[in-house]
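Asks: attaching a predicted model along with its sequence, questions to come.
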Amino acid sequence: FQVKSENKKTIWNTEEVPEGSEFDDTWDPREKPEYEILFKQHVGTEDVFFGMTGKDPSTACCEDIVIKIKLPETKYSDITLDIQDKVLDLRTPKKKLLLHLPYPVNSKEGRARFLSEEEILEVTLRVSRKFDFINFS
C-alpha cells in the first residue's frame, strides 16, 4: 500500500487529515464548556396524524442540528464562532470547544443567538443531506 503524493516528503495526503484538525490545540489550557446536541425536525399535520411523508423520530429524518453551549460569565462580544461543514469551533477567553458534528452541515446557512439570562449560546445549523425517500427537499 503506497500513498501517491505530489511531494515525496509528505507522510499523508490532505484528504486523510480530518476537517477542523488545524484548530485543535492540545496545549490550550482553556476548559471545554458543557454542551448538548439536539436534532430538530419540521413536521406538519400530514406527518403527525397521517404519517404520509414517511418521517420517523430518528435523527435520519431531522433537518437541523441545535447545539446549546453553556458559557457562564461570558459576554456576547467575547465569543468567536467558526462553522465549517463538519466542525464547530468556539473560542472565548475562558472556554474552548472544537466539536466534530455528527452530520455534515451547510456552513453558509446557520444562526446563533446568545441567551444572556441563561448564559447559553444556541447554534442552529441546517443538515446537508443527499436526497432520498425521506429527505426530498
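Replies: Done, it's in.
Asks: Leu88: neighbouring residues, count only.
Replies: Using other C-beta atoms under 10 Å, the number of residues around Leu88 comes to 26. Placement of C-beta: from N, CA and C, glycine included.
Asks: quick one: residues contacting it.
Replies: With contact set as C-beta atoms under 8 Å, 6 or more residues apart in numbering, Leu88 has these partners: Ile67, Leu81, Asp82, Leu97, Leu98, Leu99, Leu101, Val123, Leu125.
Asks: pLDDT at it, what is it?
Replies: On pLDDT, Leu88 comes in at 93.
Asks: please state the backbone phi and psi of it?
Replies: phi -110, psi 130 (degrees, to the nearest 10).
Asks: Ala60 too?
Replies: When quoted as degrees, to the nearest 10, the phi and psi of Ala60 stand at phi -70, psi -20.
Asks: any idea how far it is from Leu88?
Replies: 21 Å (C-beta to C-beta, to the nearest Å).
Asks: what's the answer for Arg111, then?
Replies: Going from Arg111 to Leu88 by C-beta to C-beta gives 13 Å.
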